[in-house]
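> Here is my input, please return the structure:
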Amino acid sequence: MGIQLMGIAHAKQKLQRTLSAVSNVPKGHFAVYVGESKKRFVIPLWYLKHPLFRSLLDMVEEEFGFDCPTGRLTIPCSEDYFTSLTSALSC
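Okay, here's the model as predicted:
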């Protein structure tokens, strides 16, 4: 019984961390994690329809796949490249 309670407590903590991370994302946006340091960027959903961003996601999928145990969308490019790309999309 004590082991089950510890498992439930651990699951509850993990869920609370996940929900707090999700709640920090405004409606119409999503979070991605970029580079070796996995810096978090919150970007608009409409980026998913832009050909340049789609191309980046296609390259990431081909090379690394999207099977991430944390459930986070991770883009393994440099932060500088990502910020340049997103700046170009915002114009």
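> which intervals of the protein have sub-threshold pLDDT?
Flagging of the chain using pLDDT under 70 yields the residue ranges 1-23, 68.
> any chance you could map the helices in it?
With DSSP state H as the criterion, the chain has helices at 2-23, 51-64, 79-90.
> which residues touch residue 25?
31, 42 (C-beta atoms under 8 Å, 6 or more residues apart in numbering). C-beta: built from backbone N, CA, C; applies to glycine.
> So it versus residue 44, what's the distance?
11 Å (C-beta to C-beta, to the nearest Å).
> just residue 64 next, same as before
23 Å.
> Check residue 26 too.
According to C-beta to C-beta, residue 26 stands 9 Å off from residue 44.
> between these two, which one's more packed in?
residue 44 (14 against 9; other C-beta atoms under 10 Å).
> Surely that one is in contact with residue 31?
No - applying C-beta atoms under 8 Å, one finds residue 44 not in contact with residue 31, separated by 11.5 Å.
> between those two, what contacts are shared?
Joint contacts of residue 44 and residue 31 (C-beta under 8 Å, 6+ apart) do not exist.
> Kindly export stretch 82-91 (C-alpha atoms) in PDB.
The C-alpha trace of stretch 82-91 is given here as PDB (Å, rounded to 0.1, in the frame of the first residue of the first chain):
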ATOM      1  CA  PHE A  82      16.300  29.100 -35.000                       C
ATOM      2  CA  THR A  83      16.000  32.800 -33.900                       C
ATOM      3  CA  SER A  84      17.000  33.900 -37.500                       C
ATOM      4  CA  LEU A  85      14.400  31.600 -39.000                       C
ATOM      5  CA  THR A  86      11.600  32.800 -36.700                       C
ATOM      6  CA  SER A  87      12.600  36.400 -37.200                       C
ATOM      7  CA  ALA A  88      12.300  35.900 -41.000                       C
ATOM      8  CA  LEU A  89       8.800  34.300 -40.500                       C
ATOM      9  CA  SER A  90       7.600  37.200 -38.400                       C
ATOM     10  CA  CYS A  91       8.200  39.800 -41.200                       C
END
